[in-house]
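Trainee: I would like the atomic coordinates for the input below:
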Amino acid sequence: MNPTKIILPIIVIAQFCCTSLWFASNAVMSDLVINFGLNENAVGFLTSAVQFGFILGTLVFALLTIADRFSPSKVFLISALFGAIFNAGIIWDGNNLTSILILRFLTGFFLAGIYPVGMKIATDYFEKGLGKSLGFLVGALVLGTAFPHLLKGITNGFPWKAVLFTTSSLAILGGLMMVFLVPDGPYRKQSQGINLSAFFNVFKNQNLRAAAFGYFGHMWELYAFWAFTPLLLKTYSNLHHEASFNISVLSFTIIGIGGLACVLSGYLSQIFGVKNIAFISLFLSCICCLICPLLFTQASEGFFITFLIFWGMVVVADSPLLSTLVAQNAPAEIKGTALTIVNCIGFAITILSIQLISLLKNTIDTTFIFGFLAIGPFLGLLALSKKTKL
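Mentor: Numbering: from 1, shown residues only. Sure thing, here's the model as predicted:
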């Protein structure tokens, strides 16, 4: 068997294991509120803390071109180990809001050595069919992000700390798999040193710039939708008392189905083109944002859940394709840096949208707030509509 044939499944599994750290605190948010005396706005603050950490981490990784100068598999392992330690730190009984925010921030910092570095490893192995490969990889990220919700839903009889123990253990496993089973890829071009100019020169390429701005619009919507999926479900059940939801399991389903959508979009991109499928996905998710307020008036809970599952698919199906366009238009020797920079800015944007939704849910009717997420996809569609050679 060609050893490269098993590389992609290993990268996918490792990525799934490690990205389960991302929403670990969200899955046990109600327990954190009760045990540490947090207020109901903690979900926005804790999610944003992870994003802030990820942003600073990607900024440091990009400025120092770490993923291009050092073995990306070793960078992945070290990041997974530290991410697991800080994630597990929430278990300490002496925590308060400040210490938990710091722990989530540090977890996010080391996720910068997992998600974009995992994509970098994939680009080092799969020059052709990159859209399909990244479709599997981002699909793993989606499942990893959703997995803590499933853990919470199926471990109600266990202490909430089991979710954090499990996700940290998975992260360590993922890091070990990457370093022992995935050597440096055949298409890797090692950078010769710190190249600070790479950080500033990335966006001089018009094609890369268009792909990046499409990605930024997509990110405005994505993490806010994921972070507040439980709120969507809770709001509907409050309006329709006959609806009986297992919010944790449904949150996993709605977020996790996006993993399948990423794989599907990767295959479709090989037939219809990467840019075309990305554009269609972004357009459909924009429509979902706009019509969401109307769906709360529907009496059929099955119809509402079906809508959210569809939204959960299209909200992320464009993610691997937009990353593919970024990678394809970046010079080989700074490809990891380009992906990291675009991730850095994209995740900075997620903080704005998450905080906006957090603010709006306390000031206006909750059924209307998700319409504001359409701003990002709309601007992303404008960027992708420009005449470029994507």
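
Trainee: which SSE is immediately downstream of the element among helices and strands of the chain having the smallest mean pLDDT?
Mentor: Ranked by mean pLDDT, DSSP states H and E, the helix or strand of the chain with the weakest confidence is helix 196-201, at a mean of 64. In the C-terminal direction, the helix or strand that comes right after helix 196-201 (DSSP states H and E) is helix 206-227.

Trainee: contacts for the next helix or strand after that following helix?
Mentor: Counting by DSSP H and E, the element after helix 206-227 in chain order, helix or strand, is helix 229-239. Residues outside helix 229-239 that contact it (CB atoms under 8 Å, 6 or more residues apart in numbering) are 26, 149, 243-245, 247-248, 250-251, 254-255, 292, 296, 301, 304, 308, 312, 361, 366-367, 370. From N, CA and C alone the C-beta is placed, and that goes for glycine too.

Trainee: now with 7 Å?
Mentor: Residues from elsewhere that reach helix 229-239, judged by CB atoms under 7 Å, 6 or more residues apart in numbering: 243, 245, 247, 250-251, 254-255, 296, 304, 308, 361, 366-367.

Trainee: now do the helices in the stretch 51-200 of the chain.
Mentor: 66-69, 72-88, 97-111, 115-125, 130-154, 161-181, 196-201 (DSSP state H, counting those that start in this stretch).

Trainee: can you add distance to I351 and mean neighbour count and give the ones you listed back as CSV?
Mentor: Shown next, in CSV, are the helices of the stretch 51-200 of the chain (distance: least, CB to CB, whole Å; neighbours: other CB atoms under 10 Å):
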stretch, distance to I351, mean neighbour count
helix 66-69, 23, 24
helix 72-88, 19, 23
helix 97-111, 11, 21
helix 115-125, 16, 27
helix 130-154, 16, 25
helix 161-181, 22, 21
helix 196-201, 20, 14
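
Trainee: can you redo these as TSV with distance to N35?
Mentor: Shown next, in TSV, are the helices of the stretch 51-200 of the chain (distance: least, CB to CB, whole Å):
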stretch	distance to N35
helix 66-69	36
helix 72-88	15
helix 97-111	10
helix 115-125	29
helix 130-154	14
helix 161-181	9
helix 196-201	41
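
Trainee: among those, which is nearest E40?
Mentor: helix 97-111 (12.3 Å; CB to CB).

Trainee: and that closest one with helix 130-154, angle?
Mentor: 150 degrees (axes from the mean of the first three to the mean of the last three CA atoms, to 10 degrees).

Trainee: avg pLDDT for helix 97-111?
Mentor: Here helix 97-111 scores 94 as its mean pLDDT.

Trainee: same deal with stretch 321-339?
Mentor: pLDDT averaged over stretch 321-339 gives 82.

Trainee: again with stretch 294-303
Mentor: 91.

Trainee: can you tell me how far D93 is from I102?
Mentor: Note on D93: its distance to I102, by CB to CB, to the nearest Å, is 16 Å.

Trainee: mean pLDDT for the helices of the stretch 51-200 of the chain: which is lowest?
Mentor: helix 196-201 has the lowest average pLDDT among the helices of the stretch 51-200 of the chain, namely a mean of 64.

Trainee: what sits up against the one helix or strand V50 maps to?
Mentor: Assigned by DSSP H and E, V50 falls within helix 42-63. If you take CB under 7 Å, 6+ apart as the criterion, helix 42-63 is touched by 22, 25-26, 29, 32-33, 67, 97, 100-101, 104-113, 116, 196, 199, 223, 227, 337, 340-341, 343-344, 347-348, 350-351, 354-355, 358.

Trainee: how does it look with 6 Å?
Mentor: Residues outside helix 42-63 that contact it (CB atoms under 6 Å, 6 or more residues apart in numbering): 25, 29, 101, 104-105, 108-109, 111-112, 199, 227, 337, 340-341, 343-344, 347-348, 350-351, 354, 358.

Trainee: ok, stretch 369-382 next?
Mentor: Here stretch 369-382 makes contact (CB under 6 Å, 6+ apart) with 214, 217-218, 220-221, 224, 282, 285-286, 289-290, 292-293, 357, 360-361.

Trainee: CA atoms of the helix holding V50 as PDB?
Mentor: Output of helix 42-63 as PDB, limited to C-alpha atoms (Å, rounded to 0.1, in the frame of the first residue of the first chain):
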ATOM      1  CA  ALA A  42     -20.200  33.900  30.200                       C
ATOM      2  CA  VAL A  43     -20.800  31.900  27.000                       C
ATOM      3  CA  GLY A  44     -19.900  35.000  24.900                       C
ATOM      4  CA  PHE A  45     -16.900  35.900  27.000                       C
ATOM      5  CA  LEU A  46     -15.500  32.300  27.200                       C
ATOM      6  CA  THR A  47     -15.900  31.700  23.400                       C
ATOM      7  CA  SER A  48     -14.300  35.000  22.600                       C
ATOM      8  CA  ALA A  49     -11.400  34.200  25.000                       C
ATOM      9  CA  VAL A  50     -10.600  31.100  22.900                       C
ATOM     10  CA  GLN A  51     -10.800  33.200  19.700                       C
ATOM     11  CA  PHE A  52      -8.600  35.900  21.200                       C
ATOM     12  CA  GLY A  53      -6.000  33.300  22.100                       C
ATOM     13  CA  PHE A  54      -6.200  31.800  18.700                       C
ATOM     14  CA  ILE A  55      -5.700  35.200  17.100                       C
ATOM     15  CA  LEU A  56      -2.600  36.000  19.200                       C
ATOM     16  CA  GLY A  57      -1.300  32.500  18.600                       C
ATOM     17  CA  THR A  58      -1.700  32.700  14.800                       C
ATOM     18  CA  LEU A  59      -0.200  36.200  14.900                       C
ATOM     19  CA  VAL A  60       2.900  34.900  16.700                       C
ATOM     20  CA  PHE A  61       3.100  31.700  14.500                       C
ATOM     21  CA  ALA A  62       2.800  33.800  11.300                       C
ATOM     22  CA  LEU A  63       5.300  36.500  12.300                       C
END
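
Trainee: thanks a lot, see you next time.
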